[in-house]
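Student: pasting the sequence and the predicted model now:
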Amino acid sequence: MNHIRAMQDTAEKGELQINVTSTVGARPIADARISISYTGVPENTLERVETDSSGQTEVLELDAPPEEWSLDPRNEKQPYSEYTLDISAPGFEPVSIAGTEILANVKAIQNVRMRPSDVGREEEEVFVIPAHTLYAEYPPKIAEDEIKPVNETGEIVLSRVVVPEYIVVHDGSPRDTTATNYYVKYKDYIKNVASSEIYATWPANAIRANVLAIMSFTLNRVYTEWYRNKGYDFTITSSTAFDHKWIPERNVYDTISVIVDELFANYLSRPNVRQPILTQYCDGKRVTCPNWMTFMQQHTNMRIP
């Protein structure tokens, strides 16, 4: 509550648009009803909206902390506001998403997938979005070689770099056998990770540099079939100790989405090396990482290959 009062006292505005589709055929769901409240204050409904024939809501304006909080690496205040969305539609199981993150002066895009309900049963599906990696403490990346050896007996690698349509994300550490595997479109995965690991308010070139790093790292995992060669049945994990932070059902942002669409076939590599670089980085603030990239820098002139 104290965070909400402080945020309201200094509030700017961010935007939110919600897209609702069915898990069957990805068809849009019209007339879905959505209630929006501050996360942690569910009894105080701020907005009630419905989706149109395309399954979309109007673009909403919601309070967000000052943009400068997300641009200053010395800032310790939470630079985004958190909202809870309760979604219902006839013939579908209700969905609740707690923790949709709104940043000032950018548009958040919240995609919601609803399961058709069985007759006589409507079980609510609940998603709780954890804090952003630049605000909360997460396990630091375990260092690895940026170029993987590919000449070991029995190792399988692709003959060329292929940008996949889908990847399989293991939502946990590699050895966690209870974690769920998700089939995720490659571009949606990159947008999710970038929205989880950088702020969408950053300058476009800073977003481009970080998106390139995320794509190069991911394509290295794809190219070397890193986890499959270790006997696992997935492409990558959601653990920050091993890979990048990926969060089921989290919102993404328009500024990040546009740049991912622009760059999705690009990656970083070394001269005379076929595979994409395993581009490791840290925030340069909570974790120091000599000789790695840091993404707390505000500007970059990194060239796009």
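Tutor: Looks like it came in fine.
Student: and residue 122, how many neighbours?
Tutor: By other C-beta atoms under 10 Å, the residues close to residue 122 number 13. Placement of C-beta: from N, CA and C, glycine included.
Student: make that residue 11, sorry
Tutor: Residues near residue 11, counting by other C-beta under 10 Å: 16.
Student: what does residue 35 give?
Tutor: Around residue 35 there are 16 residues (other C-beta under 10 Å).
Student: how close does the closest residue to it other than its chain neighbours sit to residue 39?
Tutor: Excluding its sequence neighbours, the residue lying closest to residue 35 (C-beta to C-beta, 6 or more residues apart in numbering) is residue 86, at 4.6 Å. Computed as C-beta to C-beta, to the nearest Å, the residue 86 to residue 39 distance reads 11 Å.
Student: tell me how far stretch 22-31 lies from the chain's centre.
Tutor: Relative to its chain's centre, stretch 22-31 lies at 22 Å (C-alpha atoms, centre = their mean, to the nearest Å).
Student: tell me the gap between the top helix by length along the chain and the middle of its chain.
Tutor: Counting by DSSP state H, the longest helix found in the chain is helix 204-224. Taking the mean of its C-alpha atoms, helix 204-224 sits 13 Å from the chain's own mean (C-alpha atoms, centre = their mean).
Student: how about that helix: buried residues?
Tutor: Applying a neighbour-count criterion of 16 or more other C-beta atoms under 10 Å, one finds 206-224 buried in helix 204-224.
Student: just so I have it, where are all the helices in the stretch 201-305 of the chain?
Tutor: For the stretch 201-305 of the chain, helices defined by DSSP state H, counting those that start in this stretch occupy the ranges 204-224, 254-263.
Student: let's have those in JSON lines, adding mean pLDDT.
Tutor: Below are the helices of the stretch 201-305 of the chain laid out as JSON lines (pLDDT from 0 to 100):
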{"stretch": "helix 204-224", "mean pLDDT": "95"}
{"stretch": "helix 254-263", "mean pLDDT": "97"}
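Student: switch these over to CSV; also include distance to residue 173.
Tutor: Shown next, in CSV, are the helices of the stretch 201-305 of the chain (distance: least, C-beta to C-beta, whole Å):
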stretch, distance to residue 173
helix 204-224, 15
helix 254-263, 26
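Student: and of those helices, who's closest to residue 34?
Tutor: Proximity to residue 34 (C-beta to C-beta) singles out helix 254-263 among those, at 19.0 Å.
Student: residues near residue 145, how many?
Tutor: That count, for residue 145 with other C-beta under 10 Å as the rule, works out to 8.
Student: so which of the helices of the stretch 201-305 of the chain comes closest to residue 118?
Tutor: Using C-beta to C-beta, the helices of the stretch 201-305 of the chain put helix 254-263 closest to residue 118, at 34.1 Å.
Student: how about the closest one: buried residues?
Tutor: Those would be 255-257, 259-260, 263, for helix 254-263 by 16+ other C-beta under 10 Å.
Student: any idea which helix or strand in this protein has the lowest mean pLDDT?
Tutor: strand 293-294 (a mean of 52; mean pLDDT, DSSP states H and E).
Student: hey, which strand is longest across the protein?
Tutor: Longest strand of the chain, by residue count under DSSP state E: strand 12-22.
Student: quick one, that strand and helix 254-263 angle?
Tutor: 60 degrees (axes from the mean of the first three to the mean of the last three C-alpha atoms, to 10 degrees).
Student: residues making contact with whichever helix or strand comes after strand 12-22?
Tutor: Downstream of strand 12-22, the next assigned helix or strand under DSSP states H and E is strand 33-38. Residues from elsewhere that reach strand 33-38, judged by C-beta atoms under 8 Å, 6 or more residues apart in numbering: 4, 16, 18, 20, 43-51, 57, 60, 62, 81-89.
Student: let's see that with 6 Å instead.
Tutor: Contact with strand 33-38 is made by 4, 18, 44-50, 83-88, as judged by C-beta atoms under 6 Å, 6 or more residues apart in numbering.
Student: right, and the pair among these with maximum separation?
Tutor: So, the contacts of strand 33-38 by C-beta to C-beta: farthest apart are 4 and 50, at 25.6 Å.
Student: so residue 100 touches residue 110, yeah?
Tutor: Yes - between residue 100 and residue 110 a contact is recorded at 5.4 Å, counting by C-beta atoms under 6 Å.
Student: shared neighbours, these two?
Tutor: Contacts common to residue 100 and residue 110, judged by C-beta under 6 Å, 6+ apart, are residue 251.
Student: quick one: residue 26 from residue 115, how far?
Tutor: Taken as C-beta to C-beta, the span from residue 26 to residue 115 is 12 Å.
Student: the contacts of strand 33-38 in strands, which ones?
Tutor: Using DSSP E, the contacts of strand 33-38 in strands are 18, 45-50, 83-88.
Student: brilliant, that's me finished.
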